[in-house]
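# pasted the sequence and its predicted model underneath.
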Number of protein chains: 2
Amino acid sequence: MFRRLFTRRNIFLASAAIGGTSMASFFYKNNSDVKYFSKNDLKIHNNKKDGIWVSYKDDVYDITNFVDNHPGGVDKIMLAAGGSVDKYWNIYRQHLNNEFIDNEILKPMKIGKLKDYVEEVSEENPYKNDPERDTTLKFHNYFPCNAETPTDSIMDNWITPNNLWYIRNHHPVPMVNKDKYKLKISGVGINENQFTLDQIKKFPKKEVVTTIQCGGNRRDGLNKFGKTSGIPWGFGAISTAKWGGVLLKDLLDNCNITKELDKNNINHIHVEALESVKISIPVEKALNPFGDVIIAYEMNGEEISREHGYPLRLIVPGYVGIRNLKWIEKITTSSDEADSPWQSGISYKGMPHYIKDAKDISIKKLVSINEQPVQSVIVEDTINDKEISIKGFAWSGGGRGIIRVDVSADNGETWHMANLKEGSEQKMNKAWAWTFWDITIPKTSDTPPKIICKATDASFNIQPEPNKLSWNLRGLNNNTWHIIH
Amino acid sequence: MFRRLFTRRNIFLASAAIGGTSMASFFYKNNSDVKYFSKNDLKIHNNKKDGIWVSYKDDVYDITNFVDNHPGGVDKIMLAAGGSVDKYWNIYRQHLNNEFIDNEILKPMKIGKLKDYVEEVSEENPYKNDPERDTTLKFHNYFPCNAETPTDSIMDNWITPNNLWYIRNHHPVPMVNKDKYKLKISGVGINENQFTLDQIKKFPKKEVVTTIQCGGNRRDGLNKFGKTSGIPWGFGAISTAKWGGVLLKDLLDNCNITKELDKNNINHIHVEALESVKISIPVEKALNPFGDVIIAYEMNGEEISREHGYPLRLIVPGYVGIRNLKWIEKITTSSDEADSPWQSGISYKGMPHYIKDAKDISIKKLVSINEQPVQSVIVEDTINDKEISIKGFAWSGGGRGIIRVDVSADNGETWHMANLKEGSEQKMNKAWAWTFWDITIPKTSDTPPKIICKATDASFNIQPEPNKLSWNLRGLNNNTWHIIH
C-alpha cells in the first residue's frame, strides 16, 4: 500500500518515503531464524578473504559475491565495506524504495540484523536544491533524477525542447557561483590555465546539433532475457539539441597543446565535473577539426540550464550520453583513460551474453563505450481498416548517417523502406543527430500486426534480431530490432 | 570438356580459351526457332523506349531490363547499345568464359542471331603487359585480374607478403613512364599544381598499416540466398600491408587548400586513376589529421609494384578496397561525389534484400560504401579427439577496433571468447588493420562440429546471423557470422 503510493510522478510522496523503514526487512520471512551481529562483527568483514559485509539501517548483508557487479563500480561500494551504507545511500538514493534492488539484489544477500542498531537522525537531503522538473517526464528515480523524454512528444520535435529532455544524473545538481567558477586546464604537453565563463564566451562560437543517448536506453527490452542492473529505461533516454559553445580544440590550442602527441604520450583528454563524475575521450576525437567536440554554454538558444549542465557541458557528438558530461570543471591531458566507475569501471562496459557475473572477467581490460551501434525505434503507430501509419527515429554513433530504415508489419515476412525525414540531410560522416522516418503500409490481415523496424547506418552495420545473445550483464547498448504488437 | 580445363590456376589455357566460340551459343537450344536480325535492326534498338539490343559475336540479346543491374554501371553498358559488345569485352574480359554470365544472365536475354555476322580479327590483347603473378593466388578472372590471397597462407602473415596480396583490377595494369609521370592537383579552393614522383617523395614520410577488403569479399556466401552479380569471392579478398607515402592532407595543404571548406562548397576529394577508374572520399576524411589518408609509393618497405599501384596509390584507412585507388593521376576538390560506376553508380551500392532489381530504386540516391561493417572469419581449424583449435581474423571499417570475437563449436548453443592476438594492440579508434585471434575449445560431441565466429567492434556493432535478409543484389558487405562445418 505504502509502496503503491510511490508512483513515478509523485515526487513529494517519494521524498517522504525515504524516511520509511528498510524495504528489505519487509520481505524477510524467517524472523525466528534471525541472526544478530555487532558493529564489530561487521567491521572485520571488509575484504574479499574474510567476506564483505555492510549494513543498511538494521539489516546486515554479505555482499562479497556482489561487489564486482555493482553498477556504480567496485571502488564506490567498497567505501562502505565493514560498515553502514546509510550515508552513501543518502546521496545515491536510487538504492532506496526500489523493488528490483530490494527483491533481486538485497534479499538474497541478507544474513541477519544489527544487534546494537540505533536509527541515526537523517542527514540533510542533498537533493533539496535540485531544479523543478516537467511532470510529464517519465521518472525512474528522483534522487538522483533519472527521467525519460515522454514518448508521446518525441515525434513532435526533431529538436527536443529543453524541458522535455531526458535526465540522467548521478548526484545532486551542483549549485554554481558564476563569479567564482573557473574551467581549469592542465596536464602534460599543455599550458596550465583557467577560464571564467565570460572568457570562454569570447572564443569563436560553434553550434552543433547532436542527439545524445544514454548507454542504457531500451534496457527494459533486455530484461526479458535475464536480469540486468541499472535503470530499466524504455526508449526515451535519448534527446536532441542544438548546442552553442567553444570548440574543445580551440581551447586546447589556446593553451598551446603540443603537436607532438605521441612523443608526449597524450592519448586521452580527461574531463571532470563539479559533482565528481569523471570521464575521458580519445585525443583524436578531441582534436579532430571535424569532430565538433564543444564546451557548450547554450542549449537550444538559451543559456544552458542547471539541469543540463550549467555553466558548461562537454558535448561529444556521436558519443554515448555519459561522455557528454555536465557541470564540467577540469580538463587534463593524459596517457590513459580516466580511472573512474564511468570510464574504466563497470558502468559503461558492454559484455557478451555469456558473462553472467563480473567476477568472471577483468573489467578494466574491457573497452569502454564511446560510439554506440545503430539504433531505431517505432514511436507512433496508427491503424485503420486499410493501412498502418508508423513514425519513429533512427540514429547511430560516430556520426554515421542513417541510410535506410526497413519496416515490416507482418512479423518480418515482407519489408518496406521508410521515408527518411528531418535529419536525413546531414552528411553521412557527420550525422550527429537522429533521423526521423515514417511509412504507411497497407493492412493485410485482421489480426493485430506485429510491427518491426531496423535501421542501417553509413558503415552498413545493421540492428540485430533480439534473442538470448542480445542480453548483457549491464543491459547496455540495446539496439535490437524494435518490435511492437 | 573445354570448359573443365579452365581451372583457376591454368592461366595459359585461360588465355587460349578467350579465342574460342561464344559460350552463350553453346547453350542455345532451339536452333529451329532462331530469329535473324540485321545490323540495322540492332542499331535502332539503342534506347529504353524502343528496347536496348546488343550483339556478342553472332548472338543478339535484348538487354533492356538488365542495364540498370549491370554491375559495371548503366553508363558503361550503354556504350554498346544498338551495336556489338565485342570490343568492350576485349577489355572487360571477365564477361568471357564465365558460366554464371553465360547461363544466368545472357541466355535468358538471347533473342536471335546476326544475319550478316563476319568474325572480326581479334584486337590486340590489352592485358599482354600485365605483370606475372604468384600462381598460388586463387584466381577468379585473369583479364582483368581478380584473385584472392590463398587462404592457407593468411594466418602465416599478419602483414600479407606483396606477392600474396589479393588483386582486384578493373582494367589492364597501366604502363607508366616514370620520367613523364605527374600527379595533378586542381579544383575550387586549391592552387593547381603538379608533382613528379621525386617531388612527392620529398614530403615528410608517413607510414601506416592498413587492412584493405574488397566490397564483395565473401560474396559467395550470399549466393545461396539468391543470385548476386559480381565475382564470387570467398573470404580471401582482404590483405594487410604497411604503406609508406605522403599524407594527402600535407599535399593539399602544400597546394594551399582553403580553410573555408563550407563557403567554397568543398565536400569531396575526387581521385582518378591512369586506367580511368574514378572515386571520391569525403573531405573530412582527407583532411582529418588523424585520418591517415596517404598517397603511397611504398608497400611493405619496397617500391610499390605495378600490380598494386605503381607509381602512386591512394590509401584510405578504414575504407573499402575501391577507395584505395591504384595508379592515381588526378586529385580534384569538388562539391559532389565522383560521377562514376565505382562511386555514384551501382558497383558499390549496398541495397536491402527486398530490392530484387535495380530498376526499382534510384541508384544515384543510394549511399556509396566507404566504411564497411564489422567482419570476422574462421581461417584454420584443427580437430583431435579432445579439442578444436581455431584461428582467424577480424576487422571493421572506420578504424573501429575489434573488442571481442565470440566462437561457438556447437551450433551456437555455447560461446567462448577468443584470444585477440596481433593487431589487438591498435588504438580502438584507429585500428586500421585486422586483428588475428585464436581459441581452443574442448570437443564435446562425436559428430563433426559446426563452428561459428562473430566479432564485435568498438562501436558495439556485431555481425548478423546469415539469413534471407543478408542477401543484396550486388552481393556486397557480407559480414554475416562465418560458419564452417
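Nice, thanks for sending it over.

# which parts of the stretch 201-350 of chain A sit against chain B?
Residues of the stretch 201-350 of chain A lying near chain B by Cβ under 8 Å from any Cβ of the partner chain: A:267, A:282, A:284-285, A:287-290, A:350. (Each C-beta comes from the backbone N, C-alpha and C, glycine too.)

# buried subset of the residues you listed?
Among those, the ones that count as buried by 16 or more other Cβ atoms under 10 Å in any protein chain shown are A:267, A:282, A:284-285, A:287-288, A:290, A:350.

# tell me if I'm right that residue A:363 and residue A:345 touch.
Yes. Counting by Cβ atoms under 8 Å, residue A:363 does reach residue A:345; the two are 6.6 Å apart.

# so what sits against both of those two?
Common contacts of residue A:363 and residue A:345, defined by Cβ atoms under 8 Å, 6 or more residues apart in numbering or on different chains, comprise residue A:74.

# which phi and psi does residue A:175 have?
Dihedral pair for residue A:175: phi -90, psi 130, per degrees, to the nearest 10.

# ok, back up a step: closest one of the buried ones among the residues of the stretch 201-350 of chain A next to chain B to residue A:371?
Nearest to residue A:371 among those, counting by Cβ to Cβ, is residue A:285 at 9.4 Å.

# show the contacting residues for residue A:168.
When contacts are counted by Cβ under 8 Å, 6+ apart, residue A:168 touches A:146, A:214, A:231, A:237, A:321-322.

# kindly recompute the last result at 6 Å.
By Cβ atoms under 6 Å, 6 or more residues apart in numbering or on different chains, the residues touching residue A:168 are A:146, A:214.

# what about it, distance to chain B?
Residue A:168 sits 18 Å away from chain B, going by Cβ to the nearest Cβ, to the nearest Å.

# with neighbour numbers in mind, choose between residue A:363 and residue A:345.
Per other Cβ atoms under 10 Å in any protein chain shown, whichever of residue A:363 and residue A:345 has more neighbours is residue A:345, with 22 against 18.

# list the contacts of the closest residue to that one other than its chain neighbours.
Excluding its sequence neighbours, the residue lying closest to residue A:345 (Cβ to Cβ, 6 or more residues apart in numbering or on different chains) is residue A:73, at 3.7 Å. Counting by Cβ under 6 Å, 6+ apart, residue A:73 touches A:341, A:345-346.

# for residue A:317, same thing?
A:208, A:210, A:292, A:432.

# would you say the second one is within a helix?
No. The secondary structure assignment for residue A:210 gives strand rather than a helix, going by DSSP: H, G, I helix; E, B strand; the rest coil.

# now do the contacts for it.
Residues near residue A:210 by Cβ under 6 Å, 6+ apart: A:317, A:432-433.

# go again using 7 Å as the cut-off
A:240, A:243, A:315, A:317, A:432-433 (Cβ atoms under 7 Å, 6 or more residues apart in numbering or on different chains).

# residue A:325: what's it in contact with?
Contacts of residue A:325 by Cβ under 7 Å, 6+ apart are A:271, A:273, A:277, A:279, A:313-314.

# as CSV, the contacts of residue A:73 with distance to residue A:261 would be great.
Below are the contacts of residue A:73 laid out as CSV (distance: Cβ to Cβ, whole Å):
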residue, distance to residue A:261
A:341, 27
A:345, 26
A:346, 29
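
# mind checking which of these are in strands?
Secondary structure from DSSP state E places none of the contacts of residue A:73 in strands.

# so which of those residues belong to helices?
Judged by DSSP state H, helices contain none of the contacts of residue A:73.

# from those, which is closest to chain B?
residue A:346 (15.3 Å; Cβ to the nearest Cβ).

# you'd agree residue A:359 is in a helix?
Yes. With three-state DSSP as the criterion, residue A:359 is located in a helix.

# got the confidence number for the residue nearest to it when sequence neighbours are not counted?
Leaving aside its sequence neighbours, residue A:359 sits nearest to residue A:68 (Cβ to Cβ, 6+ apart; 4.5 Å). According to the prediction, residue A:68 has pLDDT 88.

# test my guess that residue A:68 contacts residue A:360.
No. Applying Cβ atoms under 7 Å, one finds residue A:68 not in contact with residue A:360, separated by 8.7 Å.
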